[in-house]
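*Asks:* sharing a model prediction with you, sequence too.
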Amino acid sequence: MDSDSVRGINRRRLLGWSGLAAAGVVAAGAPLVGARPGDAVAAGQHRPTSTDPDIPPDTRPGGAYDRYVAKLAAEGKFSGVVLLSHKGRTVLSRSYGMADQEKGIRNHEGIAFSLSSAGKPFGAVAILQLAQQGKLSLSDTVGTHLKGYAKDIAEQVTIHHLLSGTSGLNTPDEDVQRIFQSREEVHEYYEQWARQSKVVAPPGTPTGHSGADIAIPAQIVEAVTGKTYWDYVQEHIFGRCSMTGTAFYTRPQWLTDEHIAHPYMTLADGSQVDAVRNLDKDSPNPAVLGKNPGRSFIDAPGDGGFATAPDLVRFAHALGDGTVLDRPYAELLTGAKIPHSGSSSFGAYDMPVHIVNGQWVFGRGGGNPGVSANWNIYPYTGWVGVVLGNCDGLPLQEITGREMQAITGASPGDGGGG
């Protein structure tokens with residue numbers, strides 16, 4: 001593809017996720033031919049033949065990516081699931097390590113992993129669903145829908161600013177030591193936490209990962225729909241996509257449900273503990289200092305959640321076939337808006353997008369103590385890649401770089417989830 005095509009993004013191809021259009025998406029909202037999105041990636045089914053010319057050798061079982069992840073697992077650096085899907089068909093699926101060491105449950109495709117920040121784009125999808133229904137506008141200010149915010153936030157900061165990370169807001173540090181005991185307690189805490197935000201730069205200024213940029217849109221979803229953020233997303237995103245293993249699970253479910261991976265957190269002495277069973281333990285990692293993901297009774301509105309790898313593939317396909325968003329609004333979600341450093345990475349709505357070896361890659365990553373997650377969509381060729389992990393020390397950025405190399409032929413480090 002020439003550079004002019006990349007800059008123009010060839011919107012007709014993009015709106016059909018390109019490779020998915022080749023597989024049979026013939027009109028806006030039309031499903032994949034021969035399969036609903038939720039049926040396309042059943043474990044062990046619909047696998048491409050070994051002679052399929054659209055399947056790069058490095059993506060196949062026994063290929064370079066498969067061997068790389070296996071080596072990490074053998075070295076104790078990977079516990080979790082990786083999945084590569086092409087046009088709705090599973091090309092590679094590998095599971096390593098234990099979901100719950102105490103109960104002897106191994107990781108597999110049906111295990112749900114904590115997403116951390118990789119779940120944030122669900123909030124942007126929820127907002128855009130309401131926008132396409134005419135229930136809100138992206139130019140609405142915070143005060144259009146919410147009361148109790150400072151005047152400069154209420155009157156100047158728009159939904160677009162929040163979704164694009166350009167609100168100019170700064171949010172106080174969270175109380176990472178607090179152990180929450182109910183959904184209501186989590187909801188109240190994060191509502192008040194977001195209201196403590198302050199304008200520290202003119203709205204329209206890129207301000208990165210301000211907590212308010214995630215928390216306030218979730219409050220707007222609730223104000224407009226009359227439902228909690230968790231319930232709205234469960235019904236209108238997870239439900240529509242047939243993401244049957246995906247939910248905003250609570251800590252009691254995390255402790256008892258055998259289909260949820262436990263996070264194994266490394267302590268200062270080098271030992272590993274099950275974070276959700278050891279709430280008194282903290283991470284010494286400077287990036288997540290003092291945190292323990294098990295302390296949250298449920299993930300904050302707008303953030304997190306748990307998902308299986310096949311469910312994230314279903315979500316990716318649903319973005320492309322009109323299941324969760326009409327195509328113009330899917331384009332709004334993933335369209336490049338804010339340039340990052342360098343020439344090939346941009347901010348979209350609650351996710352980064354990259355140009356990798358002449359093609360767009362959309363996705364989102366996340367991490368917490370004992371938690372690693374990333375999903376990538378390759379719209380020009382119909383690929384989806386998922387990495388879900390439940391141990392510290394997992395080199396997520398390197399893994400996603402190897403995934404991109406296997407799919408696009410790019411060199412590792414050309415891009416990655418955010």
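*Replies:* Happy to help now that I have it. Numbering: from 1, shown residues only.
*Asks:* which residues touch the nearest residue to G370 once chain neighbours are set aside?
*Replies:* Closest residue to G370 apart from its sequence neighbours, by C-beta to C-beta, 6 or more residues apart in numbering: P263 at 2.7 Å. Where you see a C-beta, it was placed from the backbone N, CA and C, and this is true even at glycine. In this structure, P263 makes contact with 114, 274-276, 293-294, 368-371, 390-391, judged by C-beta atoms under 8 Å, 6 or more residues apart in numbering.
*Asks:* let's see 6 Å
*Replies:* Residues in contact with P263 (C-beta atoms under 6 Å, 6 or more residues apart in numbering) are 275, 293, 370-371, 390.
*Asks:* farthest pair in these?
*Replies:* Largest separation among those by C-beta to C-beta: P293 and N390, giving 10.3 Å.
*Asks:* and the two? which has more neighbours close in?
*Replies:* Between P293 and N390, N390 has the larger neighbour count (other C-beta atoms under 10 Å), namely 29 against 24.
*Asks:* I figured that one hits W254, correct?
*Replies:* No. Taking C-beta atoms under 6 Å as the definition, N390 is not a contact partner of W254, at 11.4 Å.
*Asks:* so where do the strands sit in the stretch 201-350 of the chain?
*Replies:* All strands of the stretch 201-350 of the chain, identified by DSSP state E, counting those that start in this stretch, fall at 264-266, 272-274, 306-307, 338-339, 345-347.
*Asks:* who does the last one pair up with?
*Replies:* Counting by DSSP bridges, the strands paired with strand 345-347 are strand 338-339 (antiparallel), strand 352-356 (antiparallel).
*Asks:* for the stretch 101-250 of the chain, which spans come out with low pLDDT?
*Replies:* Segments of the stretch 101-250 of the chain classed as low confidence (criterion: pLDDT under 70) are 209.
*Asks:* spatially central residue in this protein, please.
*Replies:* Nearest residue to the geometric centre of the chain (C-alpha atoms, centre = their mean): A118, 2.7 Å.
*Asks:* which one's the longest helix in the chain?
*Replies:* When the chain is parsed with DSSP state H, its longest helix is helix 211-225.
*Asks:* could you list the residues in contact with that helix?
*Replies:* With contact meaning C-beta under 6 Å, 6+ apart, helix 211-225 is reached by 120, 123, 126-127, 130, 135-136, 145-146, 162, 165, 167, 169, 171, 190, 194, 197, 229, 232, 301-303.
*Asks:* mind giving me the ChimeraX select for the residues you listed, buried ones only?
*Replies:* To isolate the buried ones among these in ChimeraX, judged by 16 or more other C-beta atoms under 10 Å, type:
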select :120,123,126,127,130,136,145,146,162,165,167,169,171,190,194,197,229,232,301,302,303
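*Asks:* now, the contacts of helix 211-225 that are in helices?
*Replies:* Members of the contacts of helix 211-225 lying in helices (criterion: DSSP H): 123, 126-127, 130, 145, 162, 190, 194, 229, 232.
*Asks:* just flag the most distant two among the residues you listed.
*Replies:* Farthest apart among the ones in helices among the contacts of helix 211-225 by C-beta to C-beta are L130 and Y190. That separation is 19.9 Å.
*Asks:* what about the stretch 301-418 of the chain, any weak spots by pLDDT?
*Replies:* 412-418.
*Asks:* what is the burial count for T225?
*Replies:* T225 sits with 17 neighbouring residues when counted by other C-beta under 10 Å.
*Asks:* now do it against Q219, distance only.
*Replies:* Using C-beta to C-beta, to the nearest Å, one obtains 11 Å as the distance from T225 to Q219.
*Asks:* and N368, its phi and psi?
*Replies:* Dihedral pair for N368: phi -150, psi 170, per degrees, to the nearest 10.
*Asks:* next: G365.
*Replies:* Main-chain torsions, G365, degrees, to the nearest 10: phi -120, psi 170.
*Asks:* so it bridges to which residues?
*Replies:* Here G365, judged by DSSP bridges, has bridge partners N374.
*Asks:* just checking, it touches N374?
*Replies:* Yes. A contact is recorded between G365 and N374 when judged using C-beta under 6 Å, the distance being 3.9 Å.
*Asks:* neighbour-wise, which of the two wins?
*Replies:* N374 (27 against 23).
*Asks:* hmm, I399 and the more buried one touching each other?
*Replies:* No. Using C-beta under 6 Å, N374 is not in contact with I399; the gap is 7.6 Å.
*Asks:* anything in contact with each of those two?
*Replies:* Overlap between the neighbourhoods of N374 and I399 consists of V387, taking contacts as C-beta under 6 Å, 6+ apart.
*Asks:* how about A300: what's its closest non-neighbour residue?
*Replies:* In this structure, A300 finds its nearest non-sequential neighbour in Y190, 4.5 Å apart by C-beta to C-beta, 6+ apart.
*Asks:* how much space separates that neighbour from S93?
*Replies:* Per C-beta to C-beta, Y190 is found 35 Å from S93.
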